[in-house]
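**Q** Build me a structure from this.
(one chain, ligands or ions: 1)
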Amino acid sequence: MGRSYGDVCLNPGGVLWSTTGLDHLISFDRVTGVMRCEAGVLLRDLQALALQSGWMLPVSPGTQMVTVGGAIANDVHGKNHHAQGSFGNHVLGLTLVRTDGTLIECGPRHEPLWFAATVGGLGLTGIIVQASLQLRKVVGPWLDTESMPYRGLESFLELADGSERGWEYTVSWIDCLSGQRPRGIFMRGNHAPSSHSAPPARLLCSMPITPPVSLVNQLSLRAFNELYFRVNSWTAGFAQVHYLPFFYPLDNLQNWNRMYGRRGFYQYQCAIPRAAGLHAMRDILAIIRRAGQGSFLAVFKTFGDRRPVGMLSFPMPGLTLALDFPNRGQRTHQLFAELDAVVAAAQGRLYMAKDARMPRELFERGYPRVDEFRAFVDPGMSSAMSRRLLNQ
Ligand SMILES: Cc1cc2nc3c(=O)[nH]c(=O)nc-3n(C[C@H](O)[C@H](O)[C@H](O)COP(=O)(O)OP(=O)(O)OC[C@H]3O[C@@H](n4cnc5c(N)ncnc54)[C@H](O)[C@@H]3O)c2cc1C
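**A** You can find the predicted model right below:
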């Protein structure tokens, strides 16, 4: 679906294989919750069908408009990493086709190294044509949620840690320009034990044009953050929310990326190990604040201890921050270089699904299994990212 933010799904000057035609559901066991499907099936469609029998995806990223193959190849995570790990933790097996025609069946127990290379393998080990997924049981599509304002990173961490046992989903919005004790809105949720009957009406909006310059600037950012914080502080508290707005808030605003104007934007998502967590995050936010850049789409959350299966999977126990930056050319790259230095010193890593520019050295430091991974790369596969970071 090309929903990755960077060049992992691009191949300028080469062939780009679209897999959205591989859109068949193959089997679904309503008793065990095991779904087998082709890799181009959208999470949206899979989930809508499974929900009719009380099953859902155990892990879902912030948009449902992605394919099963894309979710596996980036080993995506959701708001419940501390409870469920990442997408690959729930893949029971997959079928890979190599460009020489070889077919490889692999899973956590069968050909586990091929599996570990392919989950989070950025599409470089071959084409995933089918996958079997273990879904999780739910009563219905509703969640019991609570939201609350916070100030300061310590408060965020207290809320996140304190919610780990009792709440499956935790996430926060953070105001990246709000001073040394940044403010934010913390949200948590659990699947509701009872179900409403009708889903809420969805208001689909679309950004109709691409303005010549970014609508996100210091002025609009400060105004939006002020408004967002105030409104969400007033409305804080308990609510029952349908899974669509809770998991996928941006899916309601189509073409939202156009608001960054013709030069577009970058997303910067880093993971910082627990030990360096707060200290490094403080430095990162201070650098962003000084630069006066960033956007209101800023997500701050924790990752739990569950080990991802992929050799190049992104999550690590600790903290993760994801933030969009309008592309201001050299100024933005200079800012990224400063952020990279903090991430490297903290022994963190950047998320490849969101990257279009990280230096190779930072990639190699952040992903120590990269040499092991190279042995599984299909020589017929490449991308802009693989040439940039893996020389392959
Ligand atoms: C609004 C928004 C919110 C997001 N929130 C999150 C989030 O919360 N957590 C998170 O982890 N990510 C998030 N993402 C990123 C997104 O989930 C990933 O980039 C996802 O991998 C995109 O899937 P896709 O189908 O569009 O794949 P693409 O972007 O088209 O491709 C991604 C990679 O998968 C490979 N690939 C795709 N299909 C196959 C296949 N059949 N076989 C082999 N390789 C394949 C491609 O080669 C490429 O390397 C978000 C993205 C958006 C736009």
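**Q** Can you check what pLDDT the model gives residue 374?
**A** Looking at residue 374, its pLDDT is 98.
**Q** In contact with it, which residues?
**A** Neighbouring residues of residue 374 by Cβ atoms under 8 Å, 6 or more residues apart in numbering: 390, 392. (Glycine included, C-beta is placed from N, CA and C.)
**Q** can you do 10 Å?
**A** Residue 374 makes contact with 117, 124, 311, 390-392, according to Cβ atoms under 10 Å, 6 or more residues apart in numbering.
**Q** Give the ChimeraX command for selecting the buried subset of these.
**A** A single ChimeraX command is used to select the members of the contacts of residue 374 judged buried by 16 or more other Cβ atoms under 10 Å:
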select :117,124,311,390
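**Q** Close to the ligand as well: tell me which of the contacts of residue 374 qualify.
**A** Near the ligand, judged by Cβ under 6 Å from any ligand atom, there are no entries from the contacts of residue 374.
**Q** I'd guess residue 185 is in a strand, am I close?
**A** Yes: counting by DSSP: H, G, I helix; E, B strand; the rest coil, residue 185 is located in a strand.
**Q** So which residues of the stretch 251-392 of the chain form helices?
**A** 277-291, 330-345, 360-366, 370-374, 384-385 (DSSP state H, counting those that start in this stretch).
**Q** May I see these organised as CSV, with distance to the ligand added?
**A** As requested, these are exported to CSV (distance: least, Cβ to the nearest ligand atom, whole Å):
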stretch, distance to the ligand
helix 277-291, 18
helix 330-345, 17
helix 360-366, 14
helix 370-374, 13
helix 384-385, 7
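**Q** I'd like to know how many residues surround residue 298.
**A** By other Cβ atoms under 10 Å, the residues close to residue 298 number 22.
**Q** Same question for residue 331.
**A** Other residues within reach of residue 331, judged by other Cβ under 10 Å, total 14.
**Q** So residue 173: helix, strand or coil?
**A** Here residue 173 is strand, with the state taken from three-state DSSP.
**Q** Spit out the contact partners of it.
**A** Residues near residue 173 by Cβ under 10 Å, 6+ apart: 147, 183-187, 225, 228-229, 232, 249, 296-300.
**Q** Quick check on those residues: which are buried?
**A** Neighbour counting over the contacts of residue 173 (16+ other Cβ under 10 Å) leaves 147, 183-187, 225, 229, 232, 296-300 as the buried ones.
**Q** Residue 221 is nearest to which of the helices of the stretch 251-392 of the chain?
**A** Of all those, helix 277-291 sits nearest to residue 221, with 10.9 Å by Cβ to Cβ.
**Q** between the closest one and helix 330-345, how many degrees?
**A** Between helix 277-291 and helix 330-345, the angle comes out at 170 degrees (axes from the mean of the first three to the mean of the last three Cα atoms, to 10 degrees).
**Q** Can you give the distance of helix 277-291 from its chain's centre?
**A** In terms of Cα atoms, centre = their mean, to the nearest Å, the centre of helix 277-291 is found 21 Å from the chain centre.
**Q** got the residues of this protein near the ligand?
**A** Within the chain, the positions adjacent to the ligand are 1-4, 8-9, 19, 39, 61-63, 66-67, 69-71, 73-74, 76-78, 122-123, 127-128, 250, 353, 383 by Cβ under 6 Å from any ligand atom.
**Q** Need the pLDDT of the closest residue to the ligand within the stretch 151-300 of the chain.
**A** As assessed by Cβ to the nearest ligand atom, the ligand sits closest to residue 250 within the stretch 151-300 of the chain, at 4.2 Å. We note a pLDDT of 90 for residue 250 in this prediction.
**Q** What about it, how many residues nearby?
**A** 12.
**Q** now swap in the one 4 residues further on and tell me
**A** Here the neighbour count serves as a burial measure; for residue 254 (other Cβ under 10 Å) it reads 14.
**Q** got a list of what the nearest residue to it once chain neighbours are set aside touches?
**A** The shortest distance from residue 254 to any non-neighbouring residue, by Cβ to Cβ, 6 or more residues apart in numbering, is to residue 206 (4.1 Å). Residues in contact with residue 206 (Cβ under 10 Å, 6+ apart) are 252-256, 258.
**Q** What about whichever residue of the stretch 101-250 of the chain sits closest to the ligand, how many residues nearby?
**A** When scored by Cβ to the nearest ligand atom, the stretch 101-250 of the chain has residue 123 as its residue closest to the ligand, at 2.3 Å. The local packing of residue 123 (other Cβ under 10 Å) involves 25 other residues.
**Q** So it sits against residue 378, correct?
**A** Yes: between residue 123 and residue 378 there is a contact under Cβ atoms under 10 Å: 9.2 Å.
**Q** coming back round to it: out of the residues of the chain next to the ligand, which sit inside strands?
**A** Judged by DSSP state E, the subset of the residues of the chain next to the ligand located in strands is 127-128.
**Q** residues of the host helix or strand of residue 116 that come out buried?
**A** Residue 116 belongs to helix 112-118 when elements are defined using DSSP states H and E. Neighbour-count burial for helix 112-118, counted by 16+ other Cβ under 10 Å, picks out 114-118.
**Q** Same check on stretch 141-149?
**A** Quick answer for stretch 141-149 (16+ other Cβ under 10 Å): 141-145, 147-149.
**Q** Looking at the residues you listed, spot the one nearest residue 328.
**A** residue 149 (30.1 Å).
**Q** Do I have it right that the closest one meets residue 182?
**A** No: applying Cβ under 10 Å as the test, residue 149 and residue 182 come out as separate, 11.5 Å apart.
**Q** intersection of neighbour lists for those two?
**A** In contact with both residue 149 and residue 182: residue 155, using Cβ under 10 Å, 6+ apart.
**Q** Wasn't residue 225 part of a strand?
**A** No: using three-state DSSP, the assignment for residue 225 is helix, not a strand.
**Q** Hmm, it is touching residue 178, no?
**A** Yes: counting by Cβ under 10 Å, residue 225 sits close enough to residue 178 to count as a contact (6.8 Å).
**Q** Spit out the contact partners of the closest residue to residue 275 other than its chain neighbours.
**A** Nearest non-adjacent residue to residue 275, counting by Cβ to Cβ, 6+ apart: residue 318, 7.9 Å away. Residues in contact with residue 318 (Cβ under 10 Å, 6+ apart) are 270-277, 280-281, 302-305, 346-348.
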